[in-house]
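Peer 1: Following is a predicted model, sequence given first.
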Amino acid sequence: MPLKEQITEDMKTAMRAKDSERLGCIRLLQAAIKQKEIDERITLDDAAVVAIIDKLIKQRKDSISAFAGAGRQDLADKEKAEMALLQAYLPERMSAEATRAAVQAIVAELGAAGPGDMGRVMGVVKTRLTGKADMGQVSTAVKEALAP
């Protein structure tokens, strides 16, 4: 079942169960998907939906740190719950070691050396690992691999 259909089915289930917090989070996800489809006049595939979910999770992480810093643990907990719900839609992620190994292989394949090649390496890494690995870990692994 495509990811968009799974999200729609989960929304219907949340409506039937009267789970307002889950329903609200799923509606936000669906709104982001619809907005992207309307803006670009395309129908999104699973990879594009995963990219949107990644973006929403990153927003939640930023909000959690901001709320925790401001002493609003209640709001931080709400964001953590939404982040956990969104992460359930992501495919299984690569481990940190597997990510590091994949980045090392790409760096060796491109013959990249030094921080000046980071843009070139990241371009290839993004096409190969988007949706499979946490891009924060990927960026760190690329920086480590290209460090002098």
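Peer 2: Cool, the structure landed. Numbers count the residues shown, from 1 in each chain.
Peer 1: and Pro148, what does it touch?
Peer 2: By C-beta atoms under 8 Å, 6 or more residues apart in numbering, the residues touching Pro148 are 114-115. Where C-beta positions appear, they are placed from N, C-alpha and C, glycine not excepted.
Peer 1: Check which element follows the lengthiest helix in the chain along the chain.
Peer 2: Ordering each helix of the chain by length in residues (DSSP state H) puts helix 46-69 first. Moving toward the C-terminus from helix 46-69, the next helix or strand (DSSP states H and E) is helix 73-87.
Peer 1: Please state the offset of that next one from the chain centre?
Peer 2: Relative to the centre of its chain, helix 73-87 is centred 15 Å away, using C-alpha atoms, centre = their mean, to the nearest Å.
Peer 1: what about the next helix or strand along the chain from it, average pLDDT?
Peer 2: Counting by DSSP H and E, the next helix or strand C-terminal to helix 73-87 is helix 96-110. For helix 96-110, the mean pLDDT works out to 89.
Peer 1: returning to that earlier point: output the longest helix of the chain as CSV, nothing but the C-alphas.
Peer 2: In CSV, the C-alpha atoms belonging to helix 46-69 read as follows (Å, rounded to 0.1, in the frame of the first residue of the first chain):
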residue,chain,number,x,y,z
ASP,A,46,6.6,7.5,-1.4
ALA,A,47,10.1,9.0,-1.6
ALA,A,48,8.6,12.6,-1.7
VAL,A,49,6.2,11.8,1.2
VAL,A,50,9.2,10.5,3.2
ALA,A,51,11.0,13.8,2.5
ILE,A,52,8.0,15.7,3.8
ILE,A,53,7.9,13.5,6.9
ASP,A,54,11.6,14.1,7.5
LYS,A,55,11.1,17.9,7.3
LEU,A,56,8.2,17.7,9.8
ILE,A,57,10.3,15.6,12.2
LYS,A,58,13.2,18.1,11.9
GLN,A,59,10.7,20.9,12.8
ARG,A,60,9.5,18.9,15.8
LYS,A,61,13.1,18.4,17.0
ASP,A,62,13.8,22.2,16.7
SER,A,63,10.5,22.9,18.7
ILE,A,64,11.4,20.4,21.4
SER,A,65,14.8,22.0,22.0
ALA,A,66,13.2,25.5,22.0
PHE,A,67,10.4,24.5,24.4
ALA,A,68,12.8,22.6,26.7
GLY,A,69,15.0,25.7,26.8
